[in-house]
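**Student:** no sequence on this one, just coordinates:
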């Protein structure tokens, strides 16, 4: 009974496979791990936001790495975020809110720290990316893009959910927007029509709160270190805000990776969502046939098909 | 910028509402809080499993309360769980695995502790409840039950998702099964056809792993104290198992509430999923029109409509 719940699937890889036995069906993770180098896309250092939290009680460092979304998504807020990082604005701020099954949120708890000059004000229309070209159809939004719908054509929140350039998105007619899956990063705001500046950010640490789609800007996703946010003590104040200053978790610094010395820049790749490997990975996510599983589900929701990301050289 | 992200919606309740202003639309939580007493269903002490973890580093107690599923779901495993609790079998065991965005799992880390006599062996067919009566149609599974489909008729994993007697379920033809939402509790097992005894349990602490539906038995849900599991440090071993004994979190005891002295029994109620209040709550979950929200989603997945539960007297 050591392994339980999925462990046996991994263990089966080291069992001898006899000629008369069928080869075990690979798991989604095994399919991704076996993808050829050409199916992986390098993430530019200018798209990586590196957040160093204060060390934990045992002195262990806690680094969270966020990948920022590419155009055409949320670029107004992301421009602000790059400016805030360049100004070292978050240094000395803190994680102020951790609400169970929802979000961990960080920024300036004093609400008095002056913002850098030149931040853009973004209208609500920035939540959606309209008239984007998808499925090979030309559109006015720029270059032709392919919106992959398989395997998640069924979505309670849209006409079609799928992947665009490595990101989970949803669509109604010609409107396409990024969706709030686990570990996605969004921009805190006050009441509409305020859409937030990007100085106050949060990461999803629970079941995908898709009702926030098109109501809050999604700007990226945590690709490393989400556990340093998701395992923080939950705040006991309203909405999970910490009630005492000592409960807040300090942020030592946030930098764009591009600003770090070259040797210190973290390097990551994601599995191209247009690759054959991803298609097989996504199929396996919706139909688990690897050992341990009995009944393939026959489908998956968009947030249960997380795009594989790996640290370069960490395989 | 104090409130951000939903805080403003709660704050709006204390603002004076002038005659010329439309009354704010209530949030889902406000709808549930306003539900009349008759819409709430008391949970029997024999259906409550009370798990006391060892106190945290600061000496604070950590109590997790689990509601066991009613018939016809998973009753074989639940019978075993009642027997294990009556034998005080879990006392001195531990939480041994915490995998980010997945599960926290507990049981006997030594794998050598003798199980009580008389535990049932349950076949794989126990994962599904077949021929259950739903939508008022008679079936051979017992009394007629109504499977509420609104508002989550769209489900990537089934023909219909909905609620039955207060629990989230999915259906294909005449097969109905409970689903793996956040905080649901399931039975760890090894490779099929082993279906587990119930001695090894886990709670979902991330995005609903619906691919586990019909592959693992769902036996209940954490209705209080999920944060004591979801905020535990993630295990660094394979599948999130803790690698060192000192990392495990001790379980002082697990009891059925019915075994506790009457005055110490925790008391909870859930909002009847057949009540008008629940229908309005579920509609509001799929169409947030309360202040702060701009675009109602027009739908929700089954796990984003958690059934409201409250401690009696805690309002």
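**Tutor:** Nice, thanks for sending it over. What you see is a predicted model; the values in this text were computed from it and never measured.

**Student:** those strands in the stretch 201-315 of chain A, which residues are they?
**Tutor:** Assigned strands in the stretch 201-315 of chain A, in chain order: A:201-204, A:218-224, A:249-256, A:268-271, A:309-311 (criterion: DSSP state E, counting those that start in this stretch).

**Student:** what are the pairing partners of the third one, and which direction each?
**Tutor:** Taking DSSP bridges as the criterion, strand A:249-256 forms sheet pairs with strand A:48-53 (antiparallel), strand A:94-99 (antiparallel).

**Student:** after the first one, next one along is what?
**Tutor:** Beyond strand A:48-53 in the direction of the C-terminus, DSSP states H and E gives the next helix or strand as strand A:62-68.

**Student:** for the last one, same thing?
**Tutor:** Once the chain leaves strand A:94-99, the next helix or strand it forms, by DSSP H and E, is strand A:103-107.

**Student:** tell me the most buried of the strands of the stretch 201-315 of chain A?
**Tutor:** strand A:201-204 (a mean of 26; mean count of other C-beta atoms under 10 Å in any protein chain shown). Any C-beta I mention is one placed from the backbone N, CA and C, and that applies to glycine too.

**Student:** what residue ranges in chain A score low on pLDDT?
**Tutor:** Within chain A, the segments meeting pLDDT under 70 span A:1-22, A:130-153, A:313-315.

**Student:** so which of the strands paired with strand A:249-256 is the most packed in?
**Tutor:** Scoring those by mean count of other C-beta under 10 Å, the most buried comes out as strand A:94-99, with a mean of 25.

**Student:** distance between that one and the chain's centre?
**Tutor:** Its chain's C-alpha centre and that of strand A:94-99 lie 18 Å apart, by C-alpha atoms, centre = their mean, to the nearest Å.

**Student:** neighbours of residue A:66, how many?
**Tutor:** Residues near residue A:66, counting by other C-beta atoms under 10 Å in any protein chain shown, number 25.

**Student:** what residue lies at the spatial centre of chain A?
**Tutor:** For chain A, the residue nearest the mean C-alpha position is residue A:221 (2.5 Å; C-alpha atoms, centre = their mean).

**Student:** up against chain B, what does the stretch 201-315 of chain A have?
**Tutor:** A:202, A:206-211, A:213-216, A:226-227, A:230-234, A:238-239, A:241, A:285-286, A:288, A:291-295, A:297-301, A:303-304 (C-beta under 8 Å from any C-beta of the partner chain).

**Student:** nearest to residue B:42, of the strands of the stretch 201-315 of chain A?
**Tutor:** strand A:201-204 (33.7 Å; C-beta to C-beta).

**Student:** give me the sheet partners of that closest one and which way each runs.
**Tutor:** Strand pairing for strand A:201-204, using DSSP bridges, gives strand A:103-107 (antiparallel), strand A:184-187 (antiparallel).

**Student:** any chance of TSV for the ones you listed, columns mean neighbour count?
**Tutor:** Formatted as TSV, the strands paired with strand A:201-204 follow (neighbours: other C-beta atoms under 10 Å in any protein chain shown):
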stretch	mean neighbour count
strand A:103-107	26
strand A:184-187	26
